[in-house]
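Participant: only geometry, no sequence info:
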């Protein structure tokens, strides 16, 4: 039926194109053509899309990876948005890629274009049992598309031998086993003084990573440093390195500008990385977290001095590619008031290291020290920006003044030579300069006659000034301190979530438990008792592991009960809770649900026990 429907849509569209051709040839009336155009657009946007999801296999071994393929096909797929994935609490997401194909056919002289976009996700299950991948959704063209649910059965052992380069390591994880690396990659190892060098730090992993913590950032002694990219979350891509396939994510990227010559060294970056090891027994639902410490190798940069030969006197210290402009903020000065000479140097390179240009001496003009402003921007992997010098200029006598061209020189590392650039000449006039403005020896301006305030002789006209602060100002003052305090607490909370794995698990334990309980309630509504008890067991153990930062899989039930007892849980509550866990185990794997309590009562009891835990 689906193929027949697609065929009918294609036939109808060809028929519509034929009518369109006839109307355009026979009618020149703009009204008719406009109505037809609207109908044509509606036919395009009403075209249905095929939205589906599939997996490369439905039986997966614990720790193995499989592929979830979300496919969109139809016409007008050029700007299809990414689908919204369901909650995948029981899966690790290792990577994502996309592929696109287009099929063009010509029928009766008309061209029909059919496109397909595949969103491919690499997943790995965390726990054993029957897992469900919920519907993927996509909003497009005013409609919401939804895929079917997919059932995955996760078993112990290996179900499919992966290629050699993608097989996860079987040896106990260690920092030196070659499966977890941090690499520092420089854009070049030889440069001139002041020339930009980019260094990117990448994390290479073949493990499932739960947390990354910076132990020591590299020292950049001898460099001016600008940050190019510092992702807030790790975005992994697959890459083959030394014959092995890794998941690679950028950690940090910086631009370095040498401020001295010779052999400079970029020290290593040190990281603490928490990885998740595969489970070892039935109760090890969530695996084992293990912390490894890794560091990058130091980088050596050879920095050459700038050539002394043909070095201009107007060299400003710039290394890169620059331009220069000059302007006056007005073309006349009255009464000795200063005007501003604004010189802007802009381009790519070490913009911060550019020194102020030399202004030639001009008779009867006093040029003061400039105010400097910088605007640094990052475009891709290049540092560019503008450095502005604002010189106050004061005329000492009336007349017309001419400021000649101002030159600076910079070094172009690509051409390996110096370049000289200059501004255009500027003019302005000055009048009324007779001793109204005086330049002090310290370089400042003192305006005479403006520091005298006359005393009023009629005291009766003076009003009483109240110094009482209004109440609303005091309230705003208190509120502002509260807002600052709340902001600092929230910022500290967010920072701690990124670096403290135990804190993050504890904070999110309630939310994850609620999501798992929704799935439990869905099985209850469907009267699917086996999946009800299985998912309820996972929800309880998952909450305990997250709430107390415990590796559930490595602990026996007695050890787990002792851990909870040491953390203040009462013996009576623990006995009831673990009785429910044993009942859930029995109900999940027993051939017949004999002697099991009513699911609704069990669910109510679990909620009460978790609340009191």
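Facilitator: The structure has been received and is ready for your questions. The structure presented is a predicted model; accordingly, all values stated were derived computationally and were not measured.
Participant: would you list every one of the strands in the stretch 51-200 of the chain?
Facilitator: Under the criterion DSSP state E, counting those that start in this stretch, strands of the stretch 51-200 of the chain are mapped to 59-61, 66-74, 91-107, 110-125, 129-133, 137-140, 143-146, 150-155, 180-186, 190-192, 197-205.
Participant: Serialize the ones you listed to CSV and add fields for mean neighbour count, mean pLDDT and distance to residue 319.
Facilitator: Bear in mind the C-beta positions are built from the backbone N, C-alpha and C, glycine included. As requested, the strands of the stretch 51-200 of the chain are exported to CSV (neighbours: other C-beta atoms under 10 Å; pLDDT from 0 to 100; distance: least, C-beta to C-beta, whole Å):
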stretch, mean neighbour count, mean pLDDT, distance to residue 319
strand 59-61, 18, 88, 55
strand 66-74, 18, 86, 48
strand 91-107, 13, 63, 39
strand 110-125, 17, 74, 44
strand 129-133, 18, 90, 54
strand 137-140, 15, 87, 49
strand 143-146, 14, 88, 54
strand 150-155, 16, 91, 57
strand 180-186, 18, 93, 17
strand 190-192, 17, 94, 6
strand 197-205, 21, 94, 11
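Participant: need these in JSON lines with distance to residue 393, can you?
Facilitator: Shown next, in JSON lines, are the strands of the stretch 51-200 of the chain (distance: least, C-beta to C-beta, whole Å):
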{"stretch": "strand 59-61", "distance to residue 393": "76"}
{"stretch": "strand 66-74", "distance to residue 393": "64"}
{"stretch": "strand 91-107", "distance to residue 393": "59"}
{"stretch": "strand 110-125", "distance to residue 393": "62"}
{"stretch": "strand 129-133", "distance to residue 393": "71"}
{"stretch": "strand 137-140", "distance to residue 393": "60"}
{"stretch": "strand 143-146", "distance to residue 393": "65"}
{"stretch": "strand 150-155", "distance to residue 393": "74"}
{"stretch": "strand 180-186", "distance to residue 393": "45"}
{"stretch": "strand 190-192", "distance to residue 393": "35"}
{"stretch": "strand 197-205", "distance to residue 393": "39"}
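Participant: Relative to residue 510, which of those is closest?
Facilitator: Nearest to residue 510 among these is strand 91-107 (20.6 Å), distances taken as C-beta to C-beta.
Participant: so residue 265 touches residue 303, yeah?
Facilitator: No. Residue 265 is beyond contact range of residue 303, at 11.0 Å (criterion: C-beta atoms under 8 Å).
Participant: Pick out whichever of the two has more residues nearby.
Facilitator: More crowded of residue 265 and residue 303, by other C-beta atoms under 10 Å: residue 303, with 21 against 14.
Participant: bridging residues for that one?
Facilitator: Under DSSP bridges, the beta-bridge partners of residue 303 are residue 191, residue 262.
Participant: heads up, I number from 17, so please use that
Facilitator: All right, first residue 17 from here; so that's residue 319.
Participant: quick one: it and residue 274 touch, right?
Facilitator: Yes. Using C-beta under 8 Å, residue 319 is in contact with residue 274, at 4.3 Å.
Participant: ok, and the closest non-adjacent residue to residue 90?
Facilitator: residue 65 (4.0 Å; C-beta to C-beta, 6 or more residues apart in numbering).
Participant: ok, that neighbour to residue 591 distance?
Facilitator: Between residue 65 and residue 591 the computed distance is 55 Å (C-beta to C-beta, to the nearest Å).
Participant: Compare neighbour counts for these two and give me the winner.
Facilitator: Using other C-beta under 10 Å, the more surrounded residue of residue 65 and residue 591 is residue 65, with 18 against 10.
Participant: OK, contacts around the more buried one?
Facilitator: Residue 65 makes contact with 88, 89, 90, 93, 96, 156, 157, 161, according to C-beta atoms under 8 Å, 6 or more residues apart in numbering.
Participant: any weak-confidence spans in the chain?
Facilitator: Where the chain drops to pLDDT under 70, the residues are 17-64, 92-95, 110-129, 174-192, 293-304, 450-485, 513-517, 567-572, 604-613.
Participant: Tell me the helices and strands packed up against the longest helix seen in it.
Facilitator: If you go by DSSP state H, the chain has its longest helix at helix 487-515. Helix 487-515 sits against helix 517-541, with contacts defined as 3 or more C-beta pairs under 8 Å, 6 or more residues apart in numbering; DSSP states H and E.
Participant: In the helix it packs on, which residues have enough neighbours to count as buried?
Facilitator: Going by neighbour count (16 or more other C-beta atoms under 10 Å), the buried part of helix 517-541 is 517, 520-521, 525, 528-529, 532-533, 535-537, 539-540.
Participant: quick one: which of those residues is nearest residue 341?
Facilitator: Proximity of those to residue 341 (C-beta to C-beta) peaks at residue 520, which lies at 51.0 Å.
Participant: and the closest one, how far is that from residue 511?
Facilitator: 11 Å.
Participant: do residue 598 as well
Facilitator: Between residue 598 and residue 511 the computed distance is 41 Å (C-beta to C-beta).
Participant: Helices of the stretch 517-629 of the chain, start to end?
Facilitator: 517-541, 545-564, 573-582, 587-605, 615-628 (DSSP state H, counting those that start in this stretch).
Participant: What lies in contact with the fourth one?
Facilitator: Residues external to helix 587-605 that are found in contact with it (C-beta under 8 Å, 6+ apart): 145, 545-546, 549-550, 552-553, 556-557, 573, 577, 580-581, 609, 612-613, 618, 621-622, 625, 628-629.
Participant: Try it again at 7 Å.
Facilitator: Helix 587-605 has contacts (C-beta atoms under 7 Å, 6 or more residues apart in numbering) with 545-546, 549-550, 552-553, 556, 573, 577, 580-581, 609, 612-613, 618, 621-622, 625, 628-629.
Participant: Quick one, which of the residues you listed are buried?
Facilitator: Among the contacts of helix 587-605, those classed as buried by 16+ other C-beta under 10 Å are 549, 550, 552, 553, 556, 577, 580, 612, 618, 622, 625, 629.
Participant: which of those lies closest to residue 448?
Facilitator: Ranked by distance to residue 448 (C-beta to C-beta), the buried ones among the contacts of helix 587-605 are led by residue 629 at 84.7 Å.
Participant: list the residues that contact both of residue 319 and residue 274?
Facilitator: By the contact definition C-beta under 7 Å, 6+ apart, residue 319 and residue 274 are jointly contacted by 207, 209, 280.
Participant: Columns distance to residue 79 on top of those residues, output as CSV?
Facilitator: Putting the shared contacts of residue 319 and residue 274 into CSV (distance: C-beta to C-beta, whole Å) gives the following:
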residue, distance to residue 79
207, 45
209, 52
280, 44
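Participant: Going by distance to residue 375, which of the residues you listed wins?
Facilitator: Using C-beta to C-beta, the shared contacts of residue 319 and residue 274 come closest to residue 375 at residue 209, 25.7 Å.
Participant: I'd say residue 277 and residue 317 touch.
Facilitator: No. The criterion here is C-beta atoms under 7 Å, and residue 277 misses it with residue 317 at 10.5 Å.
Participant: Nothing else from me, thank you.
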